[in-house]
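Asker: heads up, no residue letters with this:
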Ligand SMILES: [Mg+2]
Ligand SMILES: [Zn+2]
């Protein structure tokens, strides 16, 4: 029997605001615990929440970017539960009337056209952070995060493999980044993902019992956690032990590389959702929605189409570039400074991407100015420095800053195009490599490559290779 | 007793006109409190030094010829569920016994802006749950008219403080009648404004959808004056009403009641209404008629047990959630012994909340739990919507509704405290205004044979404060004429 | 009986209140009386009652996305029973 995997995601994204959702406290990362708190977000008696208008705008923006229906009236509800990271003992969220519903994202993945429907997007507040002490029987509470605005995006179970889920999450992340809706810093928890997964025999209509995986903080972990759970469930069905799959929440332990049961459905909390009467319904009219729609930037799919048409980039290049808002912007800024699109794409996708990966610097913090890369490209194109030297200059620009001209000067990387200087080197190489010289004269044209290489080496890469070639041929007759 | 009364209006005029100083007024009220409160038990905290410092600052302003506010030198007592910066605010609960708010409620800020003097914090039912001030964790408050009887509640301390002449003005809070019923029991004026008229910022929440702060005063004139000060749009309260507020409710009040169309709901005169109260209200109706009101008896076709049920469901449900924050972590009572945080939370709550509070929290939790939500909470919300509509209909035809404030006379301390069902009945005439968000006022309308005060309630349409105050003022003036 | 002792205990647990057996017994009696008194709720006719959240509601107070720093930081934690540095300290939380 062959099986089919069913995956749905719930994504929490932190919204890009200066202040918290219901008070004026800063959302900036603060090194001092509880520095960004006030009576409101600490739930002091008598305090009341007042909604940050930007939160509504950004949630609507997310809804529009994900092709959702925007509900002109939505409301806030309280989700009641006790936990020390939740100062009010309820989380303000949206229950039965969320701000956005019924969206969809479409993409191609491993030859399948995937359409992931968005069930809903709702607004809610984040909780504080608990630090469990290692050697002492204490937990420390920091409410800096309490009240940070979030949207929760809930998909329908429309993904059929871990790869589709990861691809969807990548696309979602780039959409949220493009729209400046969220920073999506997964490493800092500003984009978090829970996954629901179940397995059913191909052809079966109804869904089998699903398991919820929590605490996934990267694309790689999402893929690993889903593959692991997929394998666990398929094995149970194979051995007719499908009944052992119970509806439960399992926590992904990335260190151990496995999921651990947290609670089953029977132990599920009764959250006693009900409308929060400290807040009024969120009302947003059509003109306001239209205005937000106008403010939406070009989204990744459109940009991809434009990059392939306008810049004639290959599908692969355009895909990688537009998958990352910051990379695509850097690329386009470089082209705008005058670089040729193909060359700019090669640099960005080659040396730049490698340096970013190696250094762990996120693409939003690219340490190079587009105009400097543009000048570097033209120096190489004009033959002022060699390709190899160009790579060295780029590395220096990336790690220590500086203009390409300064680096070329400082490192003495300017290409040697003086005939006298080059001729001297050529003669010396001919003198020192009689074997290769005779090989060449005996028709082994490959030897020429070796001799050019020797000259380049002698010049520490600075010799103009075209001239070296020409001079060698002339000397060797 | 009324010879002791000196009104807020007279005090502020006198202070501004240098007839007497703010310090003199403050000192004389503090000594009155010190002399009488042992017996009455209206106060939980007396702010003697702060109050005198405030009074001195006001006197200084006056001596320097600077303008002073509308309540210059007027001593005000604040119910202890309204936050006062740096002044202990307890909600009459062991849970907040040593709680010091780091901020002022908006109403307190507004009082201070108009140079009122905050003189102390008054006793109440614990977390405003109750109608007799007997559920306070700290003390019993006695009715100044009969010390063996309750002052009503939950704003019992605020009502008693005004009735005993210890302050001319106090603030109370009203979720189902907690200003109006004690005002009626203590023979003072008490008003619950339209929901959203007075900011709730700094009011420790019981039921957010119904809570309102309002004044308790010796006269309708003072009531209007204090409302003019504390009302207004507040950007810290999402449910605050924006728009224009009347700044002089009694201006042009010579017309009084003449031509007003007043509805007398037959539903309010059932066999559960105390006979002497019914008599006093009927006498008052004749007085209103005499003053030129058009009186019509109408059936609202509302069932009091439905109203009370819906009200109870909503209050308990909202309170159960609002009181979740008292977990002993960031502030409030913390149990002494616990193994882990879960236990810390559970023990702190169990040790610090009184029986009535626990009862309402558990009931509210029950109403909201997934298996009961539809049967109780959803129904109550729908009922409220239907009731609002019914009132809108009535107010399309009438200016005001007139009836009794409370179904009974002040009862004896200890008489009802163990009967929550009976205690709930206390809100039967007052809760409808809270459910519908309407303004309502209780004004003294006579006394029983034993000399216990009786209150008359006027309910108006949304933002109908002006009509209520003008009618109450004309009625009160006419009552006084007779007394004199 | 509208509410049993077990239900009272379960509900109290949800509300983070612990009751002794005696208290639970007593409360069950009281709550039962209250619920019986509220029996009328079940007969309320809800047919034409609309929803509380209706379109055309006034747009309530909303605030611009601006930082307002609470000035008096010292006052903020005077009520807190145990701090470690600027952290609030509680006994170990069991996950
Ligand atoms: Mg959520
Ligand atoms: Zn805050």
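Answerer: Looks like it arrived, so ask away. Bear in mind the structure is a predicted one, so any value in this text is a computation, not a measurement. Ligands and ions are numbered 1, 2, ... in the order given.
Asker: just for the chain, where's the confidence low?
Answerer: Assuming you mean chain A. A:265-267 (pLDDT under 70).
Asker: nope, chain C please
Answerer: Using pLDDT under 70, chain C drops low at C:40, C:43-60, C:95.
Asker: By residue count, tell me the biggest strand in it.
Answerer: In chain C, with assignment by DSSP state E, the single longest strand is strand C:87-91.
Asker: name the helices or strands packed onto that strand?
Answerer: Counting contacts by 3 or more CB pairs under 8 Å, 6 or more residues apart in numbering or on different chains; DSSP states H and E, strand C:87-91 is packed against strand A:138-142, helix B:341-352. C-betas here are computed from N, CA, C, even on glycine.
Asker: Paired strands for that strand, with orientation please.
Answerer: The strands beside strand C:87-91 in its sheet (DSSP bridges) come out as strand A:138-142 (antiparallel), strand C:83-84 (antiparallel).
Asker: got the contact list for the spatially most central residue of chain C?
Answerer: In chain C, the centroid-proximal residue (CA atoms, centre = their mean) is residue C:15; its distance is 7.1 Å. By CB atoms under 8 Å, 6 or more residues apart in numbering or on different chains, residue C:15 lies in contact with B:320, B:324, B:349, B:361-362, B:364-365.
Asker: just residue A:213 next, same as before
Answerer: A:194-197, A:225-226, A:229, A:249-252, A:259 are the contacts of residue A:213 under CB under 8 Å, 6+ apart.
Asker: Quick check: bridge partners of the nearest residue to it once chain neighbours are set aside?
Answerer: Excluding its sequence neighbours, the residue lying closest to residue A:213 (CB to CB, 6 or more residues apart in numbering or on different chains) is residue A:195, at 4.6 Å. Beta-bridge pairing of residue A:195 under DSSP bridges involves residue A:9, residue A:213.
Asker: re the thing from before, which element is the nearest residue to the residue nearest to the centre of chain C once chain neighbours are set aside on?
Answerer: Distances taken as CB to CB, 6+ apart put residue B:365 closest to residue C:15, at 4.4 Å, once the chain neighbours are dropped. When elements are assigned from DSSP states H and E, residue B:365 belongs to helix B:355-368.
Asker: still on that earlier bit, between the contacts of residue C:15, which is closest to residue A:346?
Answerer: residue B:324 (58.8 Å; CB to CB).
Asker: Quick one: name the residues of the stretch 101-250 of chain A near chain C.
Answerer: A:130-133, A:137-143 (CB under 8 Å from any CB of the partner chain).
Asker: Is it possible to mark the buried ones in those?
Answerer: A:130, A:138-143 (16 or more other CB atoms under 10 Å in any protein chain shown).
Asker: which other residues reach the helix or strand of chain B with the lowest mean pLDDT?
Answerer: Across the helices and strands of chain B, mean pLDDT, DSSP states H and E gives its lowest value to helix B:420-425, namely a mean of 84. For helix B:420-425, the surrounding residues in contact (CB under 8 Å, 6+ apart) are B:130-132, B:272, B:308, B:312, B:356, B:359, B:407, B:416-417, C:30, C:33-34, C:37.
Asker: What's the PyMOL line that selects buried ones from the residues you listed?
Answerer: With 16+ other CB under 10 Å as the criterion, this PyMOL line picks the buried residues out of the contacts of helix B:420-425:
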select buried, (chain B and resi 130+131+132+308+312+356+359+407+416+417) or (chain C and resi 30+34+37)
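Asker: Point out the least confident one among the contacts of helix B:420-425.
Answerer: The lowest pLDDT within the contacts of helix B:420-425 belongs to residue B:417, which sits at 82.
Asker: just the helices in the stretch 51-200 of chain A please.
Answerer: A:53-65, A:162-178 (DSSP state H, counting those that start in this stretch).
Asker: out of these, nearest to residue A:1?
Answerer: The nearest among these, by CB to CB, is helix A:162-178 at 20.1 Å.
Asker: Tell me what angle the helix holding residue B:365 forms with helix B:341-352.
Answerer: Per axes from the mean of the first three to the mean of the last three CA atoms, to 10 degrees, the angle that helix B:355-368 makes with helix B:341-352 is 130 degrees.
Asker: In chain C, which residue sits closest to ligand 2?
Answerer: In chain C, no residue comes nearer to ligand 2 than residue C:70, which is 6.7 Å away by CB to the ion.
Asker: And for the residue nearest to residue C:15, the neighbour number?
Answerer: Residue B:365: 27 surrounding residues under other CB atoms under 10 Å in any protein chain shown.
Asker: show me the contacts for it.
Answerer: With CB under 8 Å, 6+ apart, residue B:365 has these contacts: A:272, B:320, C:11-12, C:14-15.
Asker: before we move on, the earlier item: determine which two of the residues of the stretch 101-250 of chain A next to chain C are furthest apart.
Answerer: A:137 and A:143 (21.3 Å).
Asker: Check the gap between residue A:99 and residue A:22 for me.
Answerer: 16 Å (CB to CB, to the nearest Å).
Asker: Verify the stated contact: residue A:273 with residue A:77.
Answerer: Yes - look at residue A:273 against residue A:77 with CB atoms under 8 Å: they come within range, at 4.9 Å.
Asker: so what sits against both of those two?
Answerer: By CB under 8 Å, 6+ apart, the residues touching both residue A:273 and residue A:77 are A:93, A:95-96.
Asker: ok, so of those residues, who is nearest residue A:167?
Answerer: The nearest one, if we look at those relative to residue A:167 and count by CB to CB, is residue A:93, at 28.1 Å.
Asker: Name the residues linked to the closest one by a beta bridge.
Answerer: Here residue A:93, judged by DSSP bridges, has bridge partners residue A:77.
Asker: can you map out the strands along the stretch 1-150 of chain B?
Answerer: B:43-46, B:75-79, B:117-122 (DSSP state E, counting those that start in this stretch).
Asker: ranges for the helices of chain C?
Answerer: Under the criterion DSSP state H, helices of chain C are mapped to C:5-14, C:21-37, C:73-76.
Asker: closest one to residue B:46 among those?
Answerer: Of these, nearest to residue B:46 by CB to CB is helix C:73-76, at 21.8 Å.
Asker: Help me see whether the closest one makes contact with ligand 2, please.
Answerer: No - Helix C:73-76 stays clear of ligand 2 (CB under 5 Å from the ion), getting no nearer than 9.8 Å.
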